[in-house]
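Engineer: quick one, fold the following:
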Amino acid sequence: MRPRSVLAFLRLLAAPAFAGLLFLSMLASAQDLPGAKDNPLLKRFAGSTIVGYDFKRFDEYLVPTGTYKGYDTTSRKRSWTSSVPVEGALTRLWYESAGDTSTAELIRNYQNEVQAAGGVTLYDSGRDENFKSRSCFLCPYSWNEIKTSRSTYTFSAAEVATARLASFKIPRPQGDLYVVVEAVQWAKDSKDYKAVKGAYAAVDIIEVGAMKQNMVTVSAGDMSKAIAATGRVALYGILFDTAKADIKPDSKPALDEIAKLLKAEPALKLRVVGHTDNQGTLDSNIALSKRRAEAVNAALASQYAIAANRLAAYGVADLAPVASNAAEDGRAKNRRVELVPQ
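Structural biologist: Residues are numbered from 1 along each chain as shown. Have a look, this model is predicted:
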């Protein structure tokens, strides 16, 4: 290339239009988002690239099974005519399929993949005649907290008329698998939103399962210090099934430490106070929380030979919360057993 040609080429590189084309060309040939990976339980659409990723060991999720009703700007959540609440491990993936891919092609491929695995379609907006009002249908994506190499608005800024959502369920002995696929289409490249012509799929995969309890067991010494300093100690290691008062086997380490405390301090008498979240009625939760406290006292008496007259059981339901009951993480903090000296 002659010097004058080189200079002309460099000027072309500096031009905004060319810079934009070069940027979009780089997007189209991009690799998967660093640190992101497919969920091994579900294949990706051939030729697609991971551009968004998030994983949580345990979370709550509302699987849409009916028509979109609307979007609440306060809670930043959508509502549906019907839905299924589930909880478990949650993988969230954003896939980019550059070129001539359509939302219908993406949805149909995932549907075929689920059916091949023995699953069923729970809902498909593309076959829902009532899916007409789409006001703010894509708004949740404006607030998505997901690691992405694209714009946060890659989904919310897409043409809402192209949006399509489908949900699926794959039964499994170890816990059902739910898949929610939401696809949008871009008719042309967009430098502003870091989008390329093609389709984007937000794929949420929920592996239904119970949360693994990760609370650290409070030692007898720490219980004693907390009672001396604050007049009580809150314990999260005493576990019960939902709406039941049977102590789960995983509670043994916490019971061991309570017994050690009582044996180390023979004059100590305790009020064992059960606390719940706000799920259910107040009356039923007061009764439940007291039965749970009674179960703790019974276990201490029968398994550790603690005198029954040193223990008293009380239940206060959700009347003394330590966090908001609006979300699961707050409700988990409110479900506890407290020890208060008599």
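
Engineer: in the stretch 151-300 of the chain, where is pLDDT below threshold?
Structural biologist: Across the stretch 151-300 of the chain, the ranges flagged by pLDDT under 70 are 211-216.

Engineer: what segments of it are strands?
Structural biologist: With DSSP state E, counting those that start in this stretch as the criterion, the stretch 151-300 of the chain has strands at 164-170, 177-186, 198-208, 233-235, 270-275.

Engineer: nearest to residue 224, out of those?
Structural biologist: Judged by CB to CB, the one of these that comes nearest to residue 224 is strand 233-235, at 8.4 Å. C-betas here are computed from N, CA, C, even on glycine.

Engineer: hmm, back to that, can I get the strands of the stretch 151-300 of the chain in TSV with distance to residue 282?
Structural biologist: As requested, the strands of the stretch 151-300 of the chain are exported to TSV (distance: least, CB to CB, whole Å):
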stretch	distance to residue 282
strand 164-170	34
strand 177-186	32
strand 198-208	29
strand 233-235	21
strand 270-275	13
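
Engineer: in CSV: those, plus distance to residue 314 and mean neighbour count.
Structural biologist: Formatted as CSV, those follow (distance: least, CB to CB, whole Å; neighbours: other CB atoms under 10 Å):
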stretch, distance to residue 314, mean neighbour count
strand 164-170, 42, 23
strand 177-186, 39, 24
strand 198-208, 35, 22
strand 233-235, 14, 20
strand 270-275, 5, 24
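
Engineer: out of those, which gets nearest to residue 110?
Structural biologist: Within the strands of the stretch 151-300 of the chain, the stretch nearest residue 110 is strand 177-186; the backing value is 4.9 Å (CB to CB).

Engineer: so that closest one versus strand 164-170, what angle?
Structural biologist: In terms of direction (axes from the mean of the first three to the mean of the last three CA atoms, to 10 degrees), strand 177-186 departs from strand 164-170 by 160 degrees.

Engineer: now do strand 177-186 and strand 198-208, the angle between them.
Structural biologist: 170 degrees.

Engineer: packing partners for strand 177-186?
Structural biologist: On a contact count with 3 or more CB pairs under 8 Å, 6 or more residues apart in numbering; DSSP states H and E, strand 177-186 meets strand 49-64, helix 103-116, strand 164-170, strand 198-208.

Engineer: show me the contacts for the residue lying closest to residue 322 once chain neighbours are set aside.
Structural biologist: Leaving aside its sequence neighbours, residue 322 sits nearest to residue 333 (CB to CB, 6 or more residues apart in numbering; 5.5 Å). Residue 333 is in contact with 236, 322-323, counting by CB atoms under 8 Å, 6 or more residues apart in numbering.

Engineer: likewise residue 83?
Structural biologist: Residues near residue 83 by CB under 8 Å, 6+ apart: 62-66.

Engineer: closest to residue 177 among those?
Structural biologist: Ranked by distance to residue 177 (CB to CB), the contacts of residue 83 are led by residue 63 at 11.1 Å.
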